[in-house]
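# Sharing a sequence plus its predicted fold:
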Amino acid sequence: MKKDKRGRKSTRKKKSGRRSVSLPVPKDQAASYPVEADNLQRYLAEINKYPLLSRQEEEAITKAYYETRDPALAHKIVASNLRLVVKIALDFQKFWMQNFLDLVQEGNVGLMHAVKKFNPYKGVKFSYYASFWIKAYILKFIMDNWRLVKIGTTQAQRKLFYNLNKEKENIRALGFEPVPKLISQRLNVSEQDVVDMEQRMGSWEVSLDAPVKQDSQDNYLDFLPSPESGVESSIAKKEMEDKLGEKLREFAADLKDREKVIFEERLLSEDPKTLQELGERFGVSRERVRQIESRLKKKLGKFLEANLPDVVPSSESET
């Protein structure tokens, strides 16, 4: 220790050249972070500067952006949901033991894509909608890069990585089929290592029951999208179906005579009448019924375009 002017030993520690971090990591969690703590904490400190939006604020800003496409509004939406990306990325951390911020970066790309695609008039909360895009981008990144990360992690794998294709050519030159057993004997590695490396280097199809990583209890099947739609998708779909049904009833109320019959018994019916059947019913030709139907479709298209622009864009109204 150094002594001060009075000869006493100084207890002050020498200052480190590194700046202290503002968000310390709990001791029980520090080991779980796959990147330097100060890098992650700097990022967390930075995104914590952006305030969260209330439900009313989020609704107002997302509607304003949907109408104006103002980049400043998009920035507000993205900035207020950066913590959501980190939270979702943490759920995938066990599948990506490299730089955790790689997952965050991919999730941010998904978040920005969600902002561009989001329709605030469908009654779905933005964070629910965005979480699907964030997860999709993170999962795609992991699946695209997992094979590359796993190659060459052991001595046997490194030997196969550099010599597998060359050895297969040598075996073919000798007139033999380069089966895994023969390759394993010539390179002094296990047969399973040969099979695994051929799959990784050749992008073979992998069993859905195979684990996503060694010693993992999760398999690829767990990450396939569910055939059932999410809660927010179901709500939005039900709401849209209700609106469409209401407008169709309004449209039908203004129809008269043959138009109403054609609309209800041909266009809306699950078992529609044929043109011939309706023609005989009205005492006209099937071509005349087709003309009435065509005119009715155009009228319906214009009605829906005016009353439900989210369902029928103007570019499709005359198709």
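Nice, I can see it.
# So which elements touch the helix or strand hosting Asn145?
Secondary structure assignment for Asn145, by DSSP states H and E: helix 126-150. Judged by 3 or more C-beta pairs under 8 Å, 6 or more residues apart in numbering; DSSP states H and E, helix 126-150 is in contact with helix 55-68, helix 82-91, helix 100-117, helix 231-253. The way it works is simple: take the backbone N, C-alpha and C, and place the C-beta from them, glycine included.
# out of those helices, which comes closest to Ile262?
Distance to Ile262, taken as C-beta to C-beta, is lowest for helix 231-253 among these, at 10.9 Å.
# Could you identify the helix or strand that succeeds that closest one?
The helix or strand immediately downstream of helix 231-253 is helix 257-262, counting by DSSP H and E.
# got the buried residues for the helix or strand just after that following helix?
As assigned by DSSP H and E, the chain's next helix or strand after helix 257-262 is helix 275-282. Residues of helix 275-282 classed as buried by neighbour count (16 or more other C-beta atoms under 10 Å): 275, 278-279.
# would TSV of those residues with distance to Glu58 and pLDDT be doable?
Listed next are those as TSV, based on distance: C-beta to C-beta, whole Å; pLDDT from 0 to 100:
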residue	distance to Glu58	pLDDT
Leu275	51	86
Leu278	50	86
Gly279	55	86
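# Show me which of those residues is closest to Glu46.
Of all those, Leu275 has the smallest distance to Glu46: 66.1 Å, by C-beta to C-beta.
# ok, the closest one - contacts?
Residues counted as contacts of Leu275 (C-beta atoms under 8 Å, 6 or more residues apart in numbering) are 286-287, 289-290, 293.
# go on, Arg266?
Applying C-beta under 8 Å, 6+ apart, we find Arg266 in contact with 272-273, 278, 293.
# May I ask which of these has the most neighbours?
Leu278 (22 neighbours; other C-beta atoms under 10 Å).
# Quick check: chain neighbours aside, which residue is closest to it?
Counting by C-beta to C-beta, 6 or more residues apart in numbering, Leu278 lies nearest to Val289, which is 4.8 Å off, once chain neighbours are set aside.
# which strands and helices sit next to the helix or strand hosting the one you found?
For Val289, the host element (DSSP H and E) is helix 286-307. Counting contacts by 3+ C-beta pairs under 8 Å, 6+ apart, helix 286-307 packs against helix 231-253, helix 257-262, helix 275-282.
# what's the angle between the very next helix or strand once past the helix holding Asn145 and helix 126-150?
Proceeding N to C from helix 126-150, the next assigned helix or strand is helix 155-173, under DSSP H and E. Interaxial angle of helix 155-173 relative to helix 126-150 (axes from the mean of the first three to the mean of the last three C-alpha atoms, to 10 degrees): 60 degrees.
# Report the buried residues of helix 155-173.
For helix 155-173, by 16+ other C-beta under 10 Å, it's 156-157, 159-160, 164, 167-168, 171.
# Using the record's assignment, carve this structure into domains.
Following automatic domain parsing, the chain resolves into domains at 27-149, 151-223, 231-316.
# which stretch in these is the model least sure about?
Ranked by mean pLDDT, those end with domain 151-223 at the bottom, a mean of 71.
# Good, wrapping up.
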